[in-house]
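S.K.: I'll drop the sequence and a predicted model, then ask my questions.
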There are 2 protein chains.
Amino acid sequence: MKARVQVMLKQGVLDPQGEAVRHALETLGFDGVESVRQGKVIELELAETDAGKAEATVTDMCEKLLANTVIESYAVEIA
Amino acid sequence: MKARVQVMLKQGVLDPQGEAVRHALETLGFDGVESVRQGKVIELELAETDAGKAEATVTDMCEKLLANTVIESYAVEIA
């Protein structure tokens, strides 16, 4: 079973990486880019076959390792 | 208009970051994690209002800056 986790900095937390990308795009001549936020995506291949259990496990992984919940939010998708 | 770009290492390209996450999960006691791939996600807020044009622009951004197309693949979503 596949799981996909998206981890983004929370709204209000400064994102210097995203800001660097926005600036680089501007330098390359891309106008009209109002804001850029950069995050990470983690794709997991799990042995678990039950979608509910897989989602619970992956949420636990996010809380313990994958996301820093003080400054980051995460979203889990099971496919 | 919002755009979302997901950039992942291509299949077959070694992903040491994903492998480090897999190992850390194992150490924390999460069994049954067969593989982990880590990539990045970039969310853009664009002034453009035409979805087709926005998609073309963002694809151009990926080719020129956001992805290293030798080793990375990307997917663009317009929302």
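M.R.: Everything's here; your move.
S.K.: helices or strands next to the strand or helix carrying A:Ala56 in the packing?
M.R.: Assigned by DSSP states H and E, A:Ala56 falls within helix A:51-61. With contacts defined as 3 or more CB pairs under 8 Å, 6 or more residues apart in numbering or on different chains; DSSP states H and E, helix A:51-61 has these neighbours: strand A:2-9, strand A:33-46, strand A:72-78. Heads up, the C-betas are built off the backbone N, CA and C, glycines and all.
S.K.: Nearest to B:Gln11, out of those?
M.R.: B:Gln11 lies closest, by CB to CB, to one member of the helices and strands packed on helix A:51-61: strand A:33-46, at 11.4 Å.
S.K.: Phi first, then psi, for the closest residue to A:Asp60 other than its chain neighbours.
M.R.: Spatial nearest neighbour of A:Asp60, excluding adjacent residues (CB to CB, 6 or more residues apart in numbering or on different chains): B:Phe30 at 7.8 Å. For B:Phe30, the backbone dihedrals (degrees, to the nearest 10) come out as phi -80, psi 110.
S.K.: got a list of what B:Phe30 touches?
M.R.: A:57, A:60-61 (CB atoms under 8 Å, 6 or more residues apart in numbering or on different chains).
S.K.: I'd like the distance between it and A:Asn68.
M.R.: 18 Å (CB to CB, to the nearest Å).
S.K.: How about A:Glu77?
M.R.: 20 Å.
S.K.: go on, A:Gly39?
M.R.: For A:Gly39, the distance to A:Asn68 - CB to CB - is 12 Å.
S.K.: Let me see the contact set for A:Lys2.
M.R.: A:43-46, A:78-79.
S.K.: Turn the contacts of B:Phe30 into CSV, including distance to B:Glu26 and pLDDT.
M.R.: As requested, the contacts of B:Phe30 are exported to CSV (distance: CB to CB, whole Å; pLDDT from 0 to 100):
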residue, distance to B:Glu26, pLDDT
A:Thr57, 13, 97
A:Asp60, 14, 98
A:Met61, 11, 98
